[in-house]
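> mind looking at a prediction? Sequence and model below.
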Amino acid sequence: MKLDLSDVWAIDASFVKRSEQYLQAGDLLVSSANSWNLIGKCSWVPELDSDATFGGFVTVLRGNPQLVDRRYLYHWFSSSRTQAVVRSFSRQTTNIANLDLRRCSELAIPLPSLAEQRRIAAVLDQVDTLRAKRREAIALLDDLAQSVFLDIFGDPAGNPMGWEQRSFGEVILDGPQNGLYKPAGDYGDGVPILRIDSFQAGELKPSSQWKLVNASLLEQERYGLRESDIVINRVNSRSHLGKSVMVGEVSEGSVFESNMMRVCVDSSIVRPVFIERYLQSGFVRRCILESAKDAVNQSSINQQDVRALPIFVPSMRSQCDFEESLEQIRGNQRKHRAHLATLDELFTSLQHRAFSGTLWDHEAAGEAA
């Protein structure tokens, strides 16, 4: 996990009481109080340009360089197995989980020789760098899609090309409709259900990768997803509120979760692909956040908020041109995602081998001993 320094606070140095409270290159920042799914999340601290410290909901893990290579420690602690164990140690309260530091400190870490640790860390770093490059390529292609949108249609905030303006509700044929609520005990078997983690950057994961839920035939009929539906997140943190995606080919019976709403647009007026991208524009994001209702730890929008969203309606020719360009871009993204998936599998396999001892050079380790 890469450290993001784009939004940090400055405090007076007098608040730092001890020298060890300053971050050092090679430290691991660990989330020690957060929502359950984020507890234990860690980030590597690189060489920083200036002195820095850390806040109250974060713990620093600092390896002893005489015993452990810090990159090796980072890869071990951030591995999926260790993260799952650390998360299982957390103490859950109403809205937050707390890391059990005592139990975490008692975790056993496999330690070959320092030279072998460095070799293993270098192997994992090499594959991780390849993964990062693939993710960067996917992100750059997404930026390209946004640039093509602006070139063809102009910025929705100013509508410089003078397209016809309407409300979103005027181009909706069906919906908005809220999704299916099911208690946690109904998950695990059944039909695929679209959730907030089922898509990112406008790209829907295959329905074979979604979670499963028990849903009756009546529920499948009422909440079933259809190709070209637009699904919009209606309840979440403000950063994810309004996140949307167009539905492609999905498994029969696939449904969508209650914190989503679904709409079907009139494709003779607006192409679903155009609407999907339009909803991801900065202008619409601002409109959504302005109408959002805030509660503890989450925000929400309702069906009327969605129907009232302002949109413009470009010519059908320009919408079709954009659809063709976007398909080419997404085709390239799919290739990168396929390569990324292969690298992810390789990385996970190498992690398992590294921390179970099968990746070690035992002959070299024995000589070092």
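Yep, it's here.

> contacting residues for A292?
Neighbouring residues of A292 by Cβ atoms under 8 Å, 6 or more residues apart in numbering: 238, 241, 299-301, 305. Every C-beta, even on glycine, is put in place using the N, C-alpha and C of the backbone.

> I'd like those residues written out as TSV, with pLDDT and neighbour count added.
Shown next, in TSV, are the contacts of A292 (pLDDT from 0 to 100; neighbours: other Cβ atoms under 10 Å):
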residue	pLDDT	neighbour count
R238	81	13
L241	83	22
S299	86	20
S300	87	16
I301	88	24
D305	91	21
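
> give me the subset of those residues that lies in helices.
Mapping the contacts of A292 onto helices (DSSP state H) picks out D305.

> out of the contacts of A292, who's nearest S268?
Nearest to S268 among the contacts of A292, counting by Cβ to Cβ, is D305 at 25.1 Å.

> distance of that closest one from E290?
D305 sits 9 Å away from E290, going by Cβ to Cβ, to the nearest Å.

> measure stretch 45-60 end to end?
End-to-end distance for stretch 45-60, by Cα to Cα, to the nearest Å: 10 Å.

> make residue 1 into 464 and carry on from there
Happy to do that; since the first residue is 464 now, the last one works out to stretch 508-523.

> I'd like to check what contacts it. Which residues are they?
466, 471, 474, 476, 478-479, 484-497, 562, 564.

> before we move on, what about stretch 623-643?
The list of residues contacting stretch 623-643 from outside it, by Cβ under 8 Å, 6+ apart, reads 616-617, 622, 656-657, 676, 678, 682, 685-686, 695, 697, 718-729, 732-733, 738, 766, 769-778.

> tell me which residues of it come out buried.
Using 16 or more other Cβ atoms under 10 Å as the test for burial, stretch 623-643 gives 626, 631-632, 634-635, 638-639, 641-643.

> one more: stretch 698-707?
Residues of stretch 698-707 classed as buried: 698-699, 704-707 (neighbour count, 16+ other Cβ under 10 Å).

> assign V523 to helix, strand or coil.
Following DSSP: H, G, I helix; E, B strand; the rest coil, we place V523 in the strand state.

> what mean pLDDT does the helix or strand where E787 lies have?
Here E787 sits within helix 779-819, counting by DSSP states H and E. Mean pLDDT, helix 779-819: 92.

> which other helices and strands contact it?
Helix 779-819 sits against helix 533-541, helix 543-551, helix 577-616, strand 666-667, helix 735-742, with contacts defined as 3 or more Cβ pairs under 8 Å, 6 or more residues apart in numbering; DSSP states H and E.

> run through who's touching the fourth one.
In this case it means strand 666-667. In contact with strand 666-667 (Cβ under 8 Å, 6+ apart) are residues 657, 661, 708-711, 793, 796, 800.

> and those residues, which two are the farthest apart?
For these, the farthest-apart pair by Cβ to Cβ is L657 and Q796; their separation is 19.5 Å.

> give me the number of residues near V676?
Around V676 there are 21 other residues, counting by other Cβ atoms under 10 Å.

> cool, and S482?
Around S482 there are 6 other residues, counting by other Cβ under 10 Å.

> start to end distance for stretch 642-650?
15 Å.

> so for it, what gets flagged as buried?
By 16+ other Cβ under 10 Å, the buried positions in stretch 642-650 come out as 642-643, 645.

> where does V694 land in three-state SS?
Following three-state DSSP, the label given to V694 is strand.

> who's it bridged to?
Bridge pairing for V694 (DSSP bridges) gives the partners V708, R725.

> for S721, see how far away it is.
Between V694 and S721 the computed distance is 12 Å (Cβ to Cβ).

> looking at the two, which is more packed in?
More crowded of V694 and S721, by other Cβ under 10 Å: V694, with 26 against 15.

> from M724, how far off is that one?
Distance of V694 to M724, given as Cβ to Cβ: 7 Å.

> then Q791?
Taking Cβ to Cβ, one finds Q791 at 30 Å from M724.

> for these two, indicate the residue with more neighbours.
The neighbour count for Q791 versus M724, taken as other Cβ under 10 Å, is higher for M724 (23 against 13).

> any idea of the pLDDT on that one?
M724 is assigned 93 on the pLDDT scale.

> might one say that it is in contact with I693?
No - under the criterion of Cβ atoms under 8 Å, M724 is not in contact with I693, lying 9.2 Å apart.

> sorry, back to before: just the contacts of A755: which are in strands?
Among the contacts of A755, DSSP state E puts 762-763 in strands.

> quick one: which of the contacts of A755 is nearest C505?
Checking the contacts of A755 against C505 with Cβ to Cβ, the nearest one is R701 at 24.5 Å.

> excluding residues flanking it in the chain, which one is nearest that closest one?
In this structure, R701 finds its nearest non-sequential neighbour in S762, 5.0 Å apart by Cβ to Cβ, 6 or more residues apart in numbering.

> again with I572
W539 (5.6 Å).

> and the pLDDT for S469?
Predicted confidence (pLDDT) for S469: 62.

> again, but for the one 10 residues further on
Here the pLDDT value assigned to V479 is 74.

> how close does it get to A488?
Separation of V479 from A488 (Cβ to Cβ): 17 Å.
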